[in-house]
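> need a structure here:
(4 chains)
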There are 2 protein chains.
Amino acid sequence: MSKKQSILTAATELFARQGFNGTATSEIARKAGVAQGTVFHHFKCKENLLISICDELVTKYVEGIKEAAQGSGTGWDALERVLWFSLNFMAERTESITVAFRETRVLQHEGGELHDHFSALMSQIIDVKRDCIERGQADGSIRQVDPYKTAFLLYILIKGIHHTRAHGLLQVPDLNTEVVEFWRQSLATGNPHQ
Amino acid sequence: MSKKQSILTAATELFARQGFNGTATSEIARKAGVAQGTVFHHFKCKENLLISICDELVTKYVEGIKEAAQGSGTGWDALERVLWFSLNFMAERTESITVAFRETRVLQHEGGELHDHFSALMSQIIDVKRDCIERGQADGSIRQVDPYKTAFLLYILIKGIHHTRAHGLLQVPDLNTEVVEFWRQSLATGNPHQ
DNA sequence: ATGTTGACTGACTAATCAGTCAGCCTGGCG
DNA sequence: CGCCAGGCTGACTGATTAGTCAGTCAACAT
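Residues are numbered from 1 along each chain as shown, chains lettered A, B, ... in the order given. Below is the predicted model:
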């Protein structure tokens, strides 16, 4: 693993546990096994380290759900694949997700450019889910609900699970199958046109 | 408003916008219109300020849903009241909720005692919702779902809405009626025993 | 009058932080 | 071999921080 990568890994873990402002760059360096200066050799400033973590995460997630949505079958089938991908992604990338969701305010004040970049990426998440719903409504596999608001609720429920787990004050049971079944009951017709 | 209260108000607003570690006590004092020392006169340390904010919030919320759950009618009626109370509470107390959800890690390392205190309060939230569901299953107004996991999903969806709003990268539409309707469709039978 | 209390003040301090910089080390090239 | 580029180092700095403390002041009691 390159030094740059071990800095990213150490930073992700520390930011997740202690927060961005609660983590000293010297601590990141120590954990990564490099000198203080090396951190600033690879990242112009501490903030850029955070941006790197968030960017990599969101980009990978958007790619993943796009791929899951593109496969064959009905709109509901596609949506179910997106759901499962999201649930698995959440389990694998807990730390980065915690960081990306918690530290957004750092990404806000950056003259708007950075905010627009991430805003556009996040909108794609909603768009992919809405497309699945509209496709499902066209092929008869999904009920006539508001596609936009439902896409939001899909995103929100996944996000809520992550936050409740990450919060640490409640022991959250496994809910993956329940979540998919909840959405199947709310959305799927069971009778697509052939 | 007492100086103590104006310190709490200022701290809540600043913690919500900049995070706990991103806010200096001198900044809180300035915003509250008091001297630096006054902050430490009323709160032994910065952390206690955070604990005060969280404690007041969670206690009020637990009281609120308990009251909402106690009223007359079917289990579903009670659950619907709890849902609406939660949605309104979330709208009114956005800042404190943002702080309480984001800064928990600060409450963790406190020798476990503090963790246990908040953990117990949070468990009550799940318990109240589960009681409504079980009451609804007894009177026939709610379907035979897993009460415990469903109570979690109820909590999680509400939490998810807050976080998505607070995240600031997506413009979230109003979803209150949609949320209640989704749960009605998933849970309510429409045919309670009389 | 004198004493006591406690909210309140703001200058102060020891510690910590992000970021800098002068220079070290290593591998490739002529 | 000498030379160079650039990844890498860690001591250093100026700024900021949480928390302290000696003391002011107004209210009230004796």
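> and chain B, is the helix of greatest length in chain A touching that?
With DSSP state H applied, the helix covering the greatest number of residues in chain A is identified as helix A:113-139. Yes: under the criterion of CB under 8 Å from any CB of the partner chain, chain B is reached by helix A:113-139 at A:115, A:118-119, A:122-123, A:126. No exception for glycine: its C-beta is placed from N, CA and C like everyone else's.
> I'd like those written out as a markdown table, with distance to B:Asn21 and neighbour count added.
Listed next are the residues of helix A:113-139 next to chain B as a markdown table, based on distance: CB to CB, whole Å; neighbours: other CB atoms under 10 Å in any protein chain shown:
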| residue | distance to B:Asn21 | neighbour count |
| --- | --- | --- |
| A:His115 | 22 | 16 |
| A:Phe118 | 22 | 22 |
| A:Ser119 | 25 | 15 |
| A:Met122 | 25 | 20 |
| A:Ser123 | 30 | 14 |
| A:Ile126 | 31 | 18 |
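> and the helices in chain A?
Under the criterion DSSP H, helices of chain A are mapped to A:3-18, A:25-32, A:36-42, A:46-70, A:75-92, A:94-102, A:104-108, A:113-139, A:147-167, A:176-187.
> of these, which approaches B:Lys31 most closely?
Judged by CB to CB, the one of those that comes nearest to B:Lys31 is helix A:104-108, at 16.9 Å.
> just the mean pLDDT for the closest one, thanks.
Per-residue confidence for helix A:104-108 averages out to 78 on the pLDDT scale.
> is that helix anywhere near DNA strand C?
No: looking at helix A:104-108 against DNA strand C by CB under 7 Å from any atom of the strand, there are no contacts, and the closest approach is 11.2 Å.
> neighbours of A:His193, how many?
Residues near A:His193, counting by other CB atoms under 10 Å in any protein chain shown, number 9.
> give me every residue that touches it.
With contact taken as CB atoms under 8 Å, 6 or more residues apart in numbering or on different chains, A:His193 is in contact with A:139-140.
> how about A:Phe40: what's its closest non-neighbour residue?
Closest residue to A:Phe40 apart from its sequence neighbours, by CB to CB, 6 or more residues apart in numbering or on different chains: A:Thr25 at 7.5 Å.
> and that neighbour, what does it touch?
Under the criterion of CB under 8 Å, 6+ apart, the contact list for A:Thr25 reads A:36, A:39-40, A:46.
> so which of those is the most crowded?
Neighbour counts for the contacts of A:Thr25 were taken using other CB under 10 Å; the highest belongs to A:Val39, with 22 neighbours.
> next, the buried residues of stretch A:124-135.
Judged by neighbour count (16 or more other CB atoms under 10 Å in any protein chain shown), stretch A:124-135 contains these buried residues: A:125-133, A:135.
> just the closest of the residues you listed to A:Thr189, please.
Nearest to A:Thr189 out of the buried residues of stretch A:124-135 is A:Ile133 (CB to CB; 12.2 Å).
> list the contacts of the closest one.
Shown in contact with A:Ile133 (CB under 8 Å, 6+ apart): A:75, A:79, A:142, A:145, A:147, A:150-151, A:187.
> hmm, back to that, angle of the longest helix of chain A against helix A:176-187?
Using axes from the mean of the first three to the mean of the last three CA atoms, to 10 degrees, the interaxial angle of helix A:113-139 with respect to helix A:176-187 works out to 60 degrees.
> please see if helix A:113-139 touches DNA strand C.
No: contact between helix A:113-139 and DNA strand C, assessed by CB under 7 Å from any atom of the strand, is absent, since the two come no nearer than 14.9 Å.
> stretch A:19-35 now?
Yes: counting by CB under 7 Å from any atom of the strand, DNA strand C has neighbours in stretch A:19-35: A:23-27.
> between those, which is nearest DNA strand D?
Of all those, DNA strand D sits closest to A:Ser26, with 7.5 Å by CB to the nearest atom of the strand.
> give me the pLDDT value at the residue nearest to that closest one when sequence neighbours are not counted.
The shortest distance from A:Ser26 to any non-neighbouring residue, by CB to CB, 6+ apart, is to A:Gln36 (5.5 Å). According to the per-residue confidence, A:Gln36 scores 93 in pLDDT.
> most surrounded residue in the contacts of A:Ile133?
If you count neighbours using other CB under 10 Å, the busiest of those is A:Leu79, which has 30 neighbours.
> contact partners for it?
When contacts are counted by CB under 8 Å, 6+ apart, A:Leu79 is found next to A:69, A:129, A:132-133, A:136, A:142, A:154, A:183, A:187.
> could you report the pLDDT at the closest residue to A:Phe15 other than its chain neighbours?
Nearest-residue entry for A:Phe15: A:Val99, 4.5 Å, with adjacent residues in sequence omitted and distances by CB to CB, 6+ apart. pLDDT, A:Val99: 96.
> burial measure for A:Val99, as a count.
Neighbourhood size, A:Val99 [other CB under 10 Å]: 24.
> just the one 5 residues further on next, same as before
Counted with other CB under 10 Å, the burial measure for A:Thr104 works out to 17 neighbours.
> state the distance from it to DNA strand C.
In this view, A:Thr104 and DNA strand C are 18 Å apart by CB to the nearest atom of the strand, to the nearest Å.
> try A:His162
Relative to DNA strand C, and taking CB to the nearest atom of the strand, A:His162 is found at 25 Å.
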